[in-house]
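Asks: All I have is the shape, not the residue letters:
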């Protein structure tokens, strides 16, 4: 394979990644606006399900981070719960469950009962995860 083919492949990959990122960003902002105005995570859940698994994971990370950092913590905790139930094998849910329970323990306990935690929370995985885990 010649250098021009490698360069062409790299450019194509970069363009595809850029388009995927734009799709996530535009659907994220639209869903965040609607969700926060309604105080309901449903628009975020619906938008996430339209994406590929990789895009969905990035979308979830960005949505929770936005809600968390903008003090919509009850909504963030609700989104974490719903996303965990639908996609329990994604490592990022373990990170956010841990964050919620450590930083907002009262809110987390109101949403995450013992049965939920027993079924979904994996502390051994959570301690190894960070925001970019998927």
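Replies: Thanks, I have the structure now. Keep in mind the model is a prediction, meaning the values are calculated, not measured. Numbering: from 1, shown residues only.
Asks: in which helix or strand would I find the residue most central in space within the chain?
Replies: By C-alpha atoms, centre = their mean, the mean C-alpha position of the chain lies nearest to residue 60, the distance being 1.7 Å. Assigned by DSSP states H and E, residue 60 belongs to helix 53-69.
Asks: my guess is the residue nearest to the centre of the chain contacts residue 91, does it?
Replies: No. The criterion here is C-beta atoms under 8 Å, and residue 60 misses it with residue 91 at 11.3 Å. Bear in mind the C-beta positions are built from the backbone N, C-alpha and C, glycine included.
Asks: could you measure the residue nearest to the centre of the chain against residue 116, distance?
Replies: 18 Å (C-beta to C-beta, to the nearest Å).
Asks: Could you do residue 26 as well?
Replies: Residue 26 sits 32 Å away from residue 116, going by C-beta to C-beta.
Asks: Those two - which one has more neighbours?
Replies: residue 116 (14 against 11; other C-beta atoms under 10 Å).
Asks: What helix or strand is the residue nearest to that one when sequence neighbours are not counted located in?
Replies: Ranked by C-beta to C-beta, 6 or more residues apart in numbering and with sequence neighbours excluded, the top spatial neighbour of residue 116 is residue 81, at 7.1 Å. Per DSSP H and E, residue 81 falls inside helix 73-86.
Asks: Could you give the average pLDDT over whichever helix or strand comes after that helix?
Replies: Moving toward the C-terminus from helix 73-86, the next helix or strand (DSSP H and E) is helix 91-103. Averaged across helix 91-103, pLDDT comes to 95.
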